[in-house]
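J.: Predicted structure and sequence below. I'll ask about it afterward.
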Amino acid sequence: MSRSYTKLLRPSFLGAAAATICLGTLQVPAKDYFISQSEGDDAATGLAGVPGNGAGPWKSLAKASIKYAPGDRILLQCGDTWNEEFAPKGEGTPQNPIVIGSYGQGAKPVIDRQDDKQDRVGIRLADQGGFKMVGLEFSHCMTGLYAEYSKGCPTKKSISIEDCYFHDSLMYRHYEDYPKTKIGLGICFFTFELENKKVLTDITIKNCVFRRLASGVWTNSPDNFNKNASFIYPFGNMTFDACLFEEGYQWPQGLRGVERGAMRNCVTHDVGRGFKSFNGVAGSMFFRCKDWIFENSEWGFVDVGNGSGDGEAFDFEGNCDNMTMRDCLFHDTDGPGFLLCCYASDGNPNKAIKMENCVLNGKAKRPPRGAGKVEILNTTDHTEATWSKCRFYLSLGEGLMRVADPEKDKHSKFENCFIKSLSKACASPNLASKAKATASSAVAGNEAAKGIDGNDGTSWKADAPKDQWLELAFAAPVTINEFKLKEDPSSSILRYVIEYWDAKEKKWTGCFNGRGIGQEFVAPIVSRSTQKVRLMVLQTTNGNPCITEFGVYNDTPGDPFNDPTGAKAVGVINK
């Protein structure tokens with residue numbers, strides 16, 4: 001074996017020195033184990049050391065599926081691929097987790113099970129906590145990470161998944177008897193516990209990408225379809241941070257039975273396209289959850305595909321209490337922008353739903369099941385929802401809210417909100433006219449400035465098809481709440497993101513994720529103050545991107561709307 005493992009550099013997230021774990025009075029040094037599919041040997045120790053003395057990495061994940069101690073680190077070689085299940089034994093602690101990470105340089109190590117139609121798992125945990133997974137890729141797994149907890153399992157703590165990529169698992173079928181019948185998932189936490197007791201708490205999913213999955217992240221139990229199992233929360237304290245869910249089939253987040261949680265800075269985009277679900281599609285589906293906060297997150301381009309129902313950006317499916325959404329954007333949906341559901345999965349309404357400074361621009365292109373074109377579909381007036389300082393953009397013929405089962409006692413409130421016809425957006429002076437334009441590249445005669453000159457006959461055209469940007473810089477910070485994009489007929493931009501410069505964090509931050517532009521596209525956003533914005537083109541169908549206008553606006557928010565009971569909201573229709 002040519003490689004020496006005596007001088008391996010640990011990734012920065014592992015720290016400079018191996019940990020030492022204290023078990024009572026006994027000091028137990030944590031160990032680093034190495035696995036290399038390309039260079040390993042299962043007859044080796046898996047430990048660093050001088051080759052020839054048995055030291056060196058293991059080859060297989062099967063060999064590495066042994067019992068580990070708190071603080072141990074299992075490191076997979078970058079650039080290598082395994083078609084195996086990894087089932088590590090043992091448990092870490094929140095302070096000293098067992099880490100599954102990588103070593104070396106190059107692409108993320110990949111667990112590729114090669115056939116997502118078979119029940120093949122990437123990493124499997126059973127009644128375990130105290131794990132941290134960093135920098136891994138899961139491809140063509142029926143389930144990338146599957147963690148199962150038995151009935152009566154004592155509460156386990158701390159599962160952290162960071163900087164991981166889950167993709168290409170689109171197997172879909174009726175799953176009323178899950179886990180007997182499974183579908184393609186990135187992550188699933190499942191429990192057989194049916195009493196109201198915690199089996200797992202402190203779950204963190206951070207900086208992860210979920211792409212082309214039937215569903216991204218599930219929490220589940222056998223009472224999934226049991227309407228008599230309300231107020232059961234086997235999971236607790238779950239956090240999503242800076243994750244991207246894209247090109248999924250049904251529910252990028254399908255969460256049931258989670259008490260306390262947060263979702264911050266996440267994007268859910270392009271859901272349901274080319275697919276038919278037996279029970280509806282949504283950007284997110286939360287059922288039997290309570291005490292969550294959602295901040296600075298976006299849901300857009302939700303499609304009912306080949307005949308799926310619903311098609312909303314977000315669904316509180318029932319028995320969801322004390323859920324707060326702040327500074328969130330919901331846009332471009334086939335169905336309603338937002339669904340407040342009850343009766344379908346649970347007989348209990350949602351209570352204490354608070355929507356603060358959110359923007360809804362659903363468009364309701366293909367309203368499902370006779371619901372009509374509405375921004376908010378509320379199945380019952382028993383649901384308690386307060387909309388505060390929110391902006392609603394209504395397309396032609398679209399209503400603000402419909403209540404499927406009206407009740408005498410109404411519990412929807414609209415406080416200091418605004419309603420605006422989408423056709424009246426971007427009516428104020430275009431701020432781009434006073435900005436300085438630069439670009440990643442430009443074809444001669446199609447420089448950056450021609451994308452903001454107000455002339456549809458001129459355009460900015462990049463000299464490459466993807467990862468191209470058009471940037472606008474202002475002399476002083478401006479407030480922005482709407483964009484207008486126009487694309488040259490020769491251009492075919494498929495995927496893009498509009499970003500603003502966050503001066504406090506000193507980084508570009510997305511404020512609108514788009515799919516297609518065409519002749520004209522209006523993109524309202526949650527208001528942002530910034531000195532720079534840019535249109536980042538990620539993908540085209542064919543050829544190089546060509547923009548005739550990148551318009552930037554701080555337009556009037558619309559007509560003030562206050563309604564203490566929600567009764568007036570039902571009558572608001574953009575005619």
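T.: Okay, I see it.
J.: Low-confidence bits of this structure, can you list those?
T.: Scanning the chain for pLDDT under 70 picks out 1-28, 50-52, 224-227, 344-345, 366-371.
J.: what's the domain layout of it?
T.: For the chain, automatic domain parsing gives the domain ranges 266-424, 431-553.
J.: Can you measure across the longest one, start residue to end residue?
T.: The separation between the terminal residues of domain 266-424, taken as CA to CA, to the nearest Å, is 29 Å.
J.: what do you get for the last one?
T.: Looking at domain 431-553, the gap from its leading to its trailing residue is 6 Å under the measure CA to CA.
J.: same check, this time on stretch 437-451
T.: Length of stretch 437-451, first residue to last, CA to CA: 8 Å.
J.: Next, the buried residues of that stretch.
T.: 437-440, 442, 446-451 (16 or more other CB atoms under 10 Å). C-beta here means a position set from N, CA and C on the backbone, and glycine is covered the same way.
J.: Ok, stretch 180-187 next?
T.: Per 16+ other CB under 10 Å, stretch 180-187 contains these buried residues: 182-187.
J.: now the residues you listed in a markdown table, with distance to residue 545 and secondary structure?
T.: Shown next, in a markdown table, are these (distance: CB to CB, whole Å; DSSP: H, G, I helix; E, B strand; the rest coil):
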| residue | distance to residue 545 | secondary structure |
| --- | --- | --- |
| 182 | 40 | coil |
| 183 | 36 | coil |
| 184 | 32 | coil |
| 185 | 34 | strand |
| 186 | 30 | strand |
| 187 | 34 | strand |
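J.: still on that earlier bit, filter the buried residues of stretch 437-451 down to just the ones in strands.
T.: Judged by DSSP state E, the subset of the buried residues of stretch 437-451 located in strands is 437-439.
J.: just curious, which of the residues you listed is nearest to residue 63?
T.: Residue 63 has its nearest neighbour among those in residue 439, at 51.7 Å by CB to CB.
J.: rewinding a little: quick one: closest of the domains of the chain to residue 246.
T.: The closest of these to residue 246 is domain 266-424. By CB to CB, the value is 5.0 Å.
J.: Off-centre distance for that closest one?
T.: With CA atoms, centre = their mean, to the nearest Å as the basis, domain 266-424 stands 17 Å off its chain's centre.
J.: Tell me how many other residues surround the closest residue to residue 553 other than its chain neighbours.
T.: Using CB to CB, 6 or more residues apart in numbering and skipping the chain neighbours, the partner closest in space to residue 553 is residue 482 (4.3 Å). Residues near residue 482, counting by other CB atoms under 10 Å, number 27.
J.: how about the helix or strand where residue 482 lies: buried residues?
T.: For residue 482, the element it lies in under DSSP states H and E is strand 468-487. By neighbour count on 16+ other CB under 10 Å, the buried set for strand 468-487 is 468-472, 474, 478, 480-487.
J.: swap in stretch 546-556?
T.: Neighbour-count burial for stretch 546-556 flags 546-555 (criterion: 16+ other CB under 10 Å).
J.: about what we covered before: so which of the ones in strands among the buried residues of stretch 437-451 is the closest to residue 168?
T.: Top of the list for closeness to residue 168, among these and by CB to CB, is residue 439 at 33.1 Å.
J.: Using PDB, write out every CA atom in the strand or helix carrying residue 100.
T.: Element membership for residue 100, per DSSP H and E: strand 98-103. C-alpha atoms of strand 98-103 as PDB (Å, rounded to 0.1, in the frame of the first residue of the first chain):
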ATOM      1  CA  ILE A  98     -19.800   9.900  16.700                       C
ATOM      2  CA  VAL A  99     -18.800  11.700  13.500                       C
ATOM      3  CA  ILE A 100     -19.200  10.300  10.100                       C
ATOM      4  CA  GLY A 101     -17.200  12.500   7.800                       C
ATOM      5  CA  SER A 102     -14.500  12.500   5.100                       C
ATOM      6  CA  TYR A 103     -10.700  12.800   4.600                       C
END
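J.: Which secondary structure elements does that strand sit against?
T.: Secondary structure elements in contact with strand 98-103, counted by 3 or more CB pairs under 8 Å, 6 or more residues apart in numbering; DSSP states H and E, are strand 73-77, strand 131-134.
J.: got a list of contacts for it?
T.: Residues outside strand 98-103 that contact it (CB atoms under 8 Å, 6 or more residues apart in numbering): 8-11, 13-14, 34, 68-78, 86, 88, 90-92, 108-109, 123, 130-136.
J.: Got a quick ChimeraX command for the buried subset of the residues you listed?
T.: One line in ChimeraX is enough to select the buried ones among the contacts of strand 98-103; burial here means 16+ other CB under 10 Å:
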select :11,14,34,68,69,70,71,72,73,74,75,76,77,78,86,88,91,92,108,109,123,130,131,132,133,134,135,136
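J.: Can you lay out the helices and strands packed on strand 98-103 as JSON lines showing distance to residue 527?
T.: Formatted as JSON lines, the helices and strands packed on strand 98-103 follow (distance: least, CB to CB, whole Å):
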{"stretch": "strand 73-77", "distance to residue 527": "44"}
{"stretch": "strand 131-134", "distance to residue 527": "35"}
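J.: what's across from the closest residue in space to residue 465 that isn't next to it in sequence in the sheet?
T.: Leaving aside its sequence neighbours, residue 465 sits nearest to residue 540 (CB to CB, 6+ apart; 4.8 Å). Beta bridges link residue 540 to residue 493, judged by DSSP bridges.
J.: need the contact list for residue 540.
T.: Counting by CB under 8 Å, 6+ apart, residue 540 touches 465-466, 491-494.
J.: what about it, distance to residue 458?
T.: Using CB to CB, to the nearest Å, residue 540 is found at 20 Å from residue 458.
J.: Buried residues, the helix or strand residue 525 falls within. List them.
T.: Using DSSP H and E, residue 525 falls within strand 521-540. By neighbour count on 16+ other CB under 10 Å, the buried set for strand 521-540 is 521-528, 530, 532-538, 540.
J.: ok, residues contacting stretch 531-539?
T.: Under the criterion CB under 8 Å, 6+ apart, residues 462, 465-474, 476-478, 480, 485, 493-501, 503, 508, 545, 547, 550, 552 lie in contact with stretch 531-539.
J.: what separates the residue nearest to residue 465 from residue 441, distance-wise?
T.: From residue 540 over to residue 441 the distance is 14 Å, taken as CB to CB.
J.: for the closest residue to residue 500 other than its chain neighbours, which residues make a bridge with it?
T.: Spatial nearest neighbour of residue 500, chain neighbours left out: residue 530 (4.1 Å); criterion: CB to CB, 6+ apart. The residues listed as beta-bridge partners of residue 530 by DSSP bridges are residue 478.
J.: Just list the residues touching residue 530, thanks.
T.: 474, 477-478, 480, 500-503.
J.: Quickly name whichever of these is closest to residue 574.
T.: Residue 574 has its nearest neighbour among these in residue 480, at 23.6 Å by CB to CB.
J.: residue contacts, the closest one?
T.: Counting by CB under 8 Å, 6+ apart, residue 480 touches 431, 500, 525, 527-530, 533, 552-554.
J.: what about 7 Å?
T.: Listed by CB atoms under 7 Å, 6 or more residues apart in numbering, the contact partners of residue 480 are 527-528, 530, 533, 552-554.
J.: Equivalent analysis for residue 548, please.
T.: By CB under 7 Å, 6+ apart, the contact set of residue 548 is 451, 456, 458-459, 486-488.
J.: mind putting these in CSV, distance to residue 142 included?
T.: Formatted as CSV, the contacts of residue 548 follow (distance: CB to CB, whole Å):
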residue, distance to residue 142
451, 45
456, 49
458, 51
459, 46
486, 43
487, 39
488, 43
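J.: Looking at those, which is nearest residue 43?
T.: When the contacts of residue 548 are compared for distance to residue 43 (CB to CB), residue 487 wins out at 59.6 Å.
J.: Just the strands from the stretch 351-500 of the chain, written as ranges.
T.: Using DSSP state E, counting those that start in this stretch, the strands of the stretch 351-500 of the chain run over 351-356, 359-361, 374-380, 385-388, 391-394, 399-405, 412-421, 436-439, 460-461, 468-487, 493-502.
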